[in-house]
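Undergrad: here is my input; please provide its structure:
(one chain, ligands or ions: 1)
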Amino acid sequence: MNTSLPDWLTNGHAHIWLPYTQMKTADLPAPATRTQGSRIELADGRVLIDGIASWWTACHGYNHPHIAQAVQAQLARMPHIMFGGLAHEPALTLARRLCTLLGPGLDRVFFTESGSVSVEVAMKMAMQYWSNQGEPQRRRILAFRGGYHGDTFGTMAVCDPDIGMHAAFDGAGARHELCELPTDEARADALEARLHAQADRIAAILVEPLVQGAGGMRMHAPAVLARLREMADRHGTLLIFDEIFTGFGRTGSMFAFEQAGVRPDIITLSKALTGGTLPLAATVASRRVFEGFWSDDPAHALMHGPTYMGNALACAAALASLDLFETEPRLAQVRAIEVLLREGLAPCKTLPGVRDVRVMGAIGAVELERRPDHAALRRTFLEAGAWIRPFGHIIYLTPAFVMPPEDLRRLTGTICSVLAASTASHPD
Ligand SMILES: *Cc1c(COP(=O)(O)O)cnc(C)c1O
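TA: Model (predicted):
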């Protein structure tokens with residue numbers, strides 16, 4: 001084992017600015033040099049079992065040869081071409097395949113390069129849909145407590161301000177409407193009253209279906225989504241599902257909305273869209289929304305167009321990723337992971353300091369009573385050979401769907417034993 005840090009880390013660290021990181025006090029980041037399956041190799045030769053799948057993108061594990069070959073072939077032919085006035089096969093084929101997967105009603109795809117931007121595009125679609133219909137006063141988005149939809153200014157305005165990521169920007173932009181999810185009758189009544197009072201000003205209701213991810217891994221029943229669909233219809237507003245976290249099998253079905261038996265008017269996808277290889281996102285609209293832009297008036301066109309829109313390499317990766325959902329048993333793997341997560345995390349339930357243990361599909365979360373020392377926990381997990389990154393009160397696993405059962409058992413076992421040891425040493 002080589003214990004010295006690589007030169008590129010020691011020399012480059014003075015010039016890099018890392019995400020969500022207090023650069024003065026944070027540990028140096030772990031130098032990753034190679035990935036394979038659900039493992040990350042570090043510069044000193046240590047190999048970590050990856051519990052996060054790189055912010056839940058790498059659903060097929062790392063370095064899947066089918067995606068690598070597709071990207072290499074596309075790289076040799078045409079890496080990228082502007083999407084204004086030009087079209088290419090990977091983007092148009094991907095659009096058609098995504099619509100087939102999503103099923104009837106969702107049939108126009110707008111590509112972008114990040115999840116946040118795909119949510120911004122969804123919000124723009126909703127607002128402009130209404131202004132094209134002669135209702136330009138519908139400028140508000142109704143979103144939910146516990147929600148996370150991105151870090152850009154537009155999306156910060158629909159995140160829960162108390163989840164602790166955006167406090168530095170309080171007051172910097174317009175906030176939209178924030179409600180509690182209608183998980184019980186009192187909350188449903190409150191939402192109903194809000195919609196009633198604001199009905200002619202709400203462009204859309206925006207929600208992460210089944211699981212609010214980065215806002216705290218909070219889960220809700222499919223019936224909540226059916227209720228939102230019913231309310232949106234009754235109040236004549238649009239419904240947007242942000243499936244950037246939940247899409248592509250993470251909750252046990254290809255898309256979370258399938259479990260609720262209702263469809264949104266607009267859906268956003270990213271994260272696992274390319275199997276964790278290249279940045280790509282999609283905003284998919286229903287025919288009704290698309291037809292709201294269908295006009296002889298050029299001002300009724302959707303005015304958005306990122307430079308790298310529909311990047312051909314990313315679209316080739318996404319097509320290969322969709323192939324893998326057909327040729328390999330991904331959803332069966334997610335069901336097996338769900339069982340292992342339930343079994344493996346169950347012992348945490350009775351530990352002092354643990355408030356809740358939640359599992360859905362390939363998502364396992366342990367919620368603590370108090371915010372733990374994240375840096376100390378990360379170090380402990382790293383020493384145990386596990387890549388696990390707690391946030392807020394949450395320690396979570398979102399593994400690759402191909403993770404072998406023995407690796408997953410090691411991760412859940414590590415979480416249980418680390419929590420048992422830390423609550424034992426701080427008995428208050
Ligand atoms: C990650 C995430 C986003 C933001 O995506 P970025 O690619 O990081 O901009 C938006 N919504 C949800 C539900 C997410 O999980």
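
Undergrad: which residue packs closest to the residue of the stretch 1-150 of the chain at minimum distance from the ligand, ignoring adjacent ones?
TA: Among the residues of the stretch 1-150 of the chain, G115 lies closest to the ligand, at 2.2 Å counting by C-beta to the nearest ligand atom. Quick note: C-beta positions are derived from backbone N, CA and C, even for glycine. Nearest residue to G115, sequence neighbours excluded (C-beta to C-beta, 6 or more residues apart in numbering): S270, at 3.7 Å.

Undergrad: surely the residue of the stretch 1-150 of the chain closest to the ligand and G150 touch.
TA: Yes. Counting by C-beta atoms under 8 Å, G150 is a contact partner of G115 at 5.8 Å.

Undergrad: these two: which has the busier surroundings?
TA: Neighbours per residue, other C-beta atoms under 10 Å: of G115 and G150, the larger number sits with G115, 28 against 23.

Undergrad: mind pulling up the pLDDT for the residue of the stretch 1-150 of the chain closest to the ligand?
TA: For G115, the model assigns a pLDDT of 98.

Undergrad: contacts only, for it.
TA: By C-beta atoms under 8 Å, 6 or more residues apart in numbering, G115 lies in contact with G150, I244, T268, S270, K271, A281.

Undergrad: just A204 next, same as before
TA: By C-beta under 8 Å, 6+ apart, A204 lies in contact with A122, M123, A126, I141, L142, A232, T237, L238, L239, I240, D265, I266.

Undergrad: excluding sequence neighbours, find me the nearest residue to the most centrally placed residue in the chain.
TA: The residue lying closest to the centre of the chain (C-alpha atoms, centre = their mean) is F245, at 2.4 Å. With sequence-adjacent residues excluded and distances taken as C-beta to C-beta, 6+ apart, F245 is closest to G213, at 3.6 Å.

Undergrad: show me the contacts for the residue nearest to the centre of the chain.
TA: Contacts were defined as C-beta under 8 Å, 6+ apart; by that measure F245 touches W56, E208, V211, G213, A214, K271.

Undergrad: strands - which of those land there?
TA: Counting by DSSP state E, these place V211 in strands.

Undergrad: need the helices for the stretch 151-300 of the chain, in chain order.
TA: Ranges of helices in the stretch 151-300 of the chain, per DSSP state H, counting those that start in this stretch, are 153-156, 185-198, 222-234, 257-260, 287-291.

Undergrad: can you list those helices in TSV and add distance to the ligand, mean neighbour count and mean pLDDT?
TA: Output for the helices of the stretch 151-300 of the chain, formatted as TSV (distance: least, C-beta to the nearest ligand atom, whole Å; neighbours: other C-beta atoms under 10 Å; pLDDT from 0 to 100):
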stretch	distance to the ligand	mean neighbour count	mean pLDDT
helix 153-156	7	20	94
helix 185-198	20	14	96
helix 222-234	14	18	98
helix 257-260	13	21	98
helix 287-291	19	16	98
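
Undergrad: pull up the residues of the chain that are close to the ligand.
TA: For the chain, the residues in contact with the ligand (C-beta under 6 Å from any ligand atom) are 114-116, 119, 148-150, 208, 213-214, 242, 244-245, 270-271.

Undergrad: closest to L228 among those?
TA: Nearest to L228 among the residues of the chain next to the ligand: E208, at 11.4 Å, using C-beta to C-beta.

Undergrad: give me the nearest residue to the closest one, chain neighbours excluded.
TA: Counting by C-beta to C-beta, 6+ apart, D242 is the residue found nearest to E208 once chain neighbours are left out, at 4.9 Å.
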